[in-house]
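J.: I'd like to go over a predicted model; first the sequence, then the structure.
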Amino acid sequence: MTKKYSKVLSLFLAVAMCFGMLTVFANAATTNFTDVPKDSWFYDAVTQCANQGYVSGVGNNQFMPNGKLTYAQVFTMLTNAFFKTEKQDYEDNRWMQMDEYFGGNPEWWSYNAYYFNDKGFLDGTSVNIKSSASANSPITRYEMVQIVNNILKSKGITVSSADKAAAQLKISDWSSVPVKYHDAVSTCFSLGIVNGYSGNRFVGTDTLTRAQACVILSTLVNIVAEGGSAKPPVTEPEEPELKPIYEYCDCTCDACKDCQGTIVGYEPVEKPSVPVETTKPVEVTTKVTQYGTGYYIADNGFGDGYLNNGKPITEANVLEMLKEAREIWPEGGRFGDPNTYDNQWYEFSGPVVDSILINRYKIDPNYCCGGLASMLSDYVFGLNNNPMRQVSESELRPGDIVITYKGGVFEHVAFVITSDGNGAIQTADGGQSCGVTWNDGPYDTPGKPSDSDRIWDYLHPDRPMTRVFYTRYPA
């Protein structure tokens, strides 16, 4: 794509797609969204952001304040607010390498994403800007404050350690905040950029809504304009603990044998280093309604190659986590339709499982078999790291996922809990009347169809049974 058409198309789409496609490109100051009441907690923020042209409506004079926000929309929103001129100059000088980076086919958000990534604003996040699925996935509150914190640092706005410590004491679920987000959460809390839910809970795994994003952005704009409203960093020198240095008499006579020495100076006492946290239990929280219980899985953010509890990815460590999972979701628990009573479901699936189940196979990752498999996968491997890759049946290991089709129509998702190393497996399933089952019976060998599979294939030779296999173990 040439510069002329690539840049024009990118500019049009960036404006149009930020928070939804506009039906008109009118003066935002005249906008009065019908779904943003004047007495709502987000009215002022949404109005300010719309008036400044940072965000747009979704059509029909609506804003959809509770809609999910994607990484791509965040790139565009923050670019409009803080880096519009700089990013345009940057784009003019680098459009060829950006086009090449995106395979000659950049999307409406691609240039903004490239700029953000190059400037370090995405440091510490899990988004992959080369992946359309990743960039267009919902952003969590954790990831948003991480980006905001990076922007604050680029503007020279910092917060003292005392202010951060005070903020941490206010956050009731601070113990569940992954270490990688500690600085961002405490900084943004201290500056008032984010606030907690009821009970001062941050709940960083929640998807950021469009209304929440406007509140964050309007506060951030004001803070940057004022040069930071928090106290400047305070350097508090720590008085070191000292021990005396002795000089002893140099003799061996009886008069000197009891010599205790003379103090000639002092030196610091070396303090033992504080052990670095290497593992952490996975927090599972619930949302209870009249229909039953929805589950949230906390992402501890240990990164690729590590399980969600911080241990290296090995079969033994995966089996250990599955033993814990079995106690949380025991045999027989109903895992199904959200509109039935006495039910269970997975409230929020992570972008890794979504990239395969939703984007590739159109499988619901929240209910029944898809929900249980997604939840177990996120519990073991985390929500944002350890990408899925396809493997053969002989490579299946505990923690892998098996997707079954009959005649091209999706039938079932199973989660592997044991494997004999030759392709024979046992699974955890949420598909038999949407109940949870841990199948400890005879091994199932996907490559050797059951009697029912053979009957299907015999009756439907043009639409045979097929299975695909995915893993989150490192390649």
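T.: Looks like it arrived, so ask away. Numbers count the residues shown, from 1 in each chain.
J.: what is the burial count for Ser392?
T.: The number of residues packed near Ser392 is 9, by other C-beta atoms under 10 Å. Using the backbone N, CA and C atoms, a C-beta is placed for each residue, glycine as well.
J.: ramachandran angles for it?
T.: Taking degrees, to the nearest 10, you get phi -90, psi 170 for the backbone angles of Ser392.
J.: now it: how far from Asp400?
T.: 11 Å (C-beta to C-beta, to the nearest Å).
J.: mutual contacts of those two, please.
T.: Residues touching both Ser392 and Asp400 (C-beta atoms under 8 Å, 6 or more residues apart in numbering): Phe469.
J.: what about the closest residue to Arg201 other than its chain neighbours, how many neighbours?
T.: Spatially, and ignoring its direct neighbours in sequence, Arg201 is nearest to Asp173 (4.7 Å; C-beta to C-beta, 6 or more residues apart in numbering). Per other C-beta under 10 Å, the neighbour tally for Asp173 reads 17.
J.: surely Asp173 and Phe202 touch.
T.: Yes - contact criterion C-beta atoms under 8 Å: Asp173 and Phe202 qualify, at 5.9 Å.
J.: with Asn222 as the reference, measure out to the spatially most central residue of the chain.
T.: Central residue of the chain (C-alpha atoms, centre = their mean): Asn384, 4.7 Å from the mean position. Here Asn384 is placed at a distance of 30 Å from Asn222 (C-beta to C-beta).
J.: now Leu357
T.: Leu357 sits at a distance of 40 Å from Asn222 (criterion: C-beta to C-beta).
J.: go on, Thr466?
T.: 56 Å.
J.: which stretches of the stretch 301-450 of the chain form strands?
T.: 343-346, 389-391, 401-406, 409-419, 425-432, 435-438 (DSSP state E, counting those that start in this stretch).
J.: can you check which of those strands gets nearest to Lys68?
T.: Lys68 lies closest to strand 343-346 among those, at 16.0 Å (C-beta to C-beta).
J.: part of a strand, is Ser40?
T.: No - assessed with DSSP: H, G, I helix; E, B strand; the rest coil, Ser40 is coil; it does not lie in a strand.
J.: and it, what does it touch?
T.: 65, 211.
J.: redo that, cut-off 10 Å
T.: 46, 65, 211 (C-beta atoms under 10 Å, 6 or more residues apart in numbering).
J.: try Gln62
T.: Contacts of Gln62 by C-beta under 10 Å, 6+ apart are 20, 33-36.
J.: one step back: quick one: common contacting residues for Asp173 and Phe202?
T.: Gly196.
J.: for the residue lying closest to Ala166 once chain neighbours are set aside, grab phi and psi.
T.: Of all residues not flanking Ala166 in the chain, Ser190 sits nearest, at 7.0 Å (C-beta to C-beta, 6+ apart). Per-residue torsions, Ser190: phi -60, psi -40 (degrees, to the nearest 10).
J.: number of residues surrounding Ser190?
T.: That count, for Ser190 with other C-beta under 10 Å as the rule, works out to 22.
J.: what's the answer for His182, then?
T.: The burial count for His182: 13, using other C-beta under 10 Å.
J.: what do you get for Val203?
T.: 17.
J.: which residues touch it?
T.: 140-142, 173, 176-177, 196-197, 285, 296, 298.
J.: hang on, isn't Lys119 packed against Phe75?
T.: No - taking contacts as C-beta atoms under 10 Å, Lys119 lies outside contact range of Phe75: 11.2 Å.
J.: buried residues in the longest helix seen in the chain?
T.: Determined from DSSP state H, the single longest helix within the chain is helix 84-101. Within helix 84-101, the residues that count as buried by 16 or more other C-beta atoms under 10 Å are 87, 90-91, 95, 98-99, 101.
J.: now do stretch 279-292
T.: 280, 282-283, 292.
J.: cool, stretch 40-52 as well?
T.: In stretch 40-52, counting by 16+ other C-beta under 10 Å, buried: 42-43, 45-50.
J.: same check on stretch 151-158?
T.: Here stretch 151-158 shows 151-153, 157-158 as buried, counting by 16+ other C-beta under 10 Å.
J.: in strands only, show me those.
T.: Counted as lying in strands by DSSP state E, out of those, is not a single one.
J.: from those, which single one is nearest Thr437?
T.: When the buried residues of stretch 151-158 are compared for distance to Thr437 (C-beta to C-beta), Ile151 wins out at 47.5 Å.
J.: the closest one - nearest residue in space that isn't next to it in sequence?
T.: Phe121 (5.8 Å).
J.: likewise Pro37?
T.: Tyr43 (6.6 Å).
J.: just Ser218 next, same as before
T.: Leaving aside its sequence neighbours, Ser218 sits nearest to Ala45 (C-beta to C-beta, 6+ apart; 4.1 Å).
J.: where in the protein is pLDDT low?
T.: 1-31, 228-243, 246, 248-266, 268-278, 337-339, 407-408, 421-423, 431-434, 440-465 (pLDDT under 70).
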